[in-house]
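Q: Here you go, sequence then predicted model.
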Amino acid sequence: MAANHPEIKVESLSVNYDGHHALKNINFSFQSGQLVGIIGPNGAGKSTLIKAILGLEKHIGEIEIFGKTIKEMRKKISYVPQRSAIDFDFPVLVEDVVLMGRYSFIPWYKRASLKDKEIAKEALEKVGMTEFAKRQIGQLSGGQQQRVFIARALTQQADIFFLDEPFVGIDATSEEIIVKLLRQLQRDGKTIFVVHHDLSKVEKYFDQLLLLNQELIGAGKVADIYKPELLSAAYKGSITMFGNKDNVMVVSN
């Protein structure tokens, strides 16, 4: 594969609901080894974009992963949905949730192997949740639950990761652990897409950005996209920049 071949390429992607554009004519491409933030106002289509790329939303347009279709590359992709979409009352142990990430590699007529269980154990260690392995998932805090679902994603040993709002409703310790883990995945050559809402941390967390509001406002390096004029266009409001070291931007709709 040529070095300049994009790992993920999206062309003319649109999603419609009852004649309404949830996403309209989205085009972008990214090379491998990128940590990409997907930002935009509520209702911009951020989650819809991820689901469309994964084939979970009906759409028109072309999506290529390493030059192949999403169906051909399914096992190379891992997805962590919003926690609000998960039933935490279901009586399942943490270790079993993590092991679910191996199911696509296990024939239906076989049980998880020792290797599968070891991969799951290592994933729990990476997110600092080993001591909670026998705990029921609904008994954990929001941050702990998120770390468990990221551990499940790790067991898939994917090349591309999609995380939908992983930092919502979690504690500072969990957020720090997750960010460090995402950076390590990036150093390992993985590509990670993260739907994110906290603009004050964009420059700290990401290298690349997708800025959406149903249409693509911008895609590329953070320095090129994280600008008042582009943010204002996306959020349709005023941007106030504070001169502190974090370069915080506040959006007023």
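A: Ah, there it is.
Q: and the residue nearest the centre of the chain, what are its bridge partners?
A: For the chain, the residue nearest the mean C-alpha position is residue 163 (2.0 Å; C-alpha atoms, centre = their mean). For residue 163, the beta-bridge partners under DSSP bridges are residue 80, residue 194.
Q: right, and it touches residue 191 too?
A: No - counting by C-beta atoms under 8 Å, residue 191 is not a contact partner of residue 163; they are 11.8 Å apart. All C-beta spots, glycine's among them, are computed from the backbone N, C-alpha and C.
Q: and residue 23, how many neighbours does it have?
A: 25 (other C-beta atoms under 10 Å).
Q: Surely it touches residue 47?
A: No - at 10.5 Å, residue 23 does not count as touching residue 47 under the criterion of C-beta under 8 Å.
Q: Return every residue with contacts to both of residue 163 and residue 191.
A: Overlap of the contact sets of residue 163 and residue 191 (by C-beta atoms under 8 Å, 6 or more residues apart in numbering) is empty.
Q: can you give me the helices for the protein?
A: Ranges of helices in the chain, per DSSP state H, are 46-53, 94-99, 114-126, 142-155, 172-187, 202-205, 222-225, 228-235.
Q: Please identify which of the ones you listed is closest to residue 213.
A: Nearest to residue 213 among those is helix 228-235 (4.6 Å), distances taken as C-beta to C-beta.
Q: Tell me the buried residues in the closest one?
A: In terms of neighbour count (16 or more other C-beta atoms under 10 Å), helix 228-235 has its buried residues at 230, 231, 232, 233, 234, 235.
Q: Just put those residues in TSV and tack on distance to residue 65 and pLDDT.
A: Formatted as TSV, those follow (distance: C-beta to C-beta, whole Å; pLDDT from 0 to 100):
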residue	distance to residue 65	pLDDT
230	27	94
231	29	93
232	33	91
233	29	92
234	26	93
235	30	90
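Q: May I see those organised as CSV, with distance to residue 18 added?
A: Below are the buried residues of helix 228-235 laid out as CSV (distance: C-beta to C-beta, whole Å):
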residue, distance to residue 18
230, 30
231, 29
232, 29
233, 26
234, 24
235, 25
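Q: Tell me which two in these are the farthest apart.
A: 230 and 235 (9.6 Å).
Q: one step back: enumerate every residue touching the residue nearest to the centre of the chain.
A: So residue 163 contacts 79, 80, 150, 153, 182, 192, 193, 194, 195 (C-beta under 8 Å, 6+ apart).
Q: possible to save the residues you listed as CSV with neighbour count, pLDDT and distance to residue 33?
A: Output for these, formatted as CSV (neighbours: other C-beta atoms under 10 Å; pLDDT from 0 to 100; distance: C-beta to C-beta, whole Å):
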residue, neighbour count, pLDDT, distance to residue 33
79, 19, 94, 19
80, 23, 94, 19
150, 26, 95, 19
153, 23, 95, 17
182, 20, 95, 12
192, 23, 96, 9
193, 25, 97, 13
194, 25, 97, 15
195, 24, 96, 20
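Q: right, and out of the residues you listed, which lies closest to residue 11?
A: Nearest to residue 11 among these is residue 193, at 16.7 Å by C-beta to C-beta.
Q: hmm, what's the outermost residue in this protein?
A: The C-alpha centroid of the chain is most remote from residue 109, which lies 31.4 Å away (C-alpha atoms, centre = their mean).
Q: where does it sit relative to residue 100, distance-wise?
A: Using C-beta to C-beta, to the nearest Å, residue 109 is found at 17 Å from residue 100.
Q: show me where pLDDT drops low in the chain?
A: 1-6, 84-89, 238-253 (pLDDT under 70).
Q: switch to 50 and redo it
A: Scanning the chain for pLDDT under 50 picks out 1-3, 243-245.
Q: and residue 211, what are its bridge partners?
A: Using DSSP bridges, the beta-bridge partners of residue 211 come out as residue 39, residue 218.
Q: Right, I'll leave it there.
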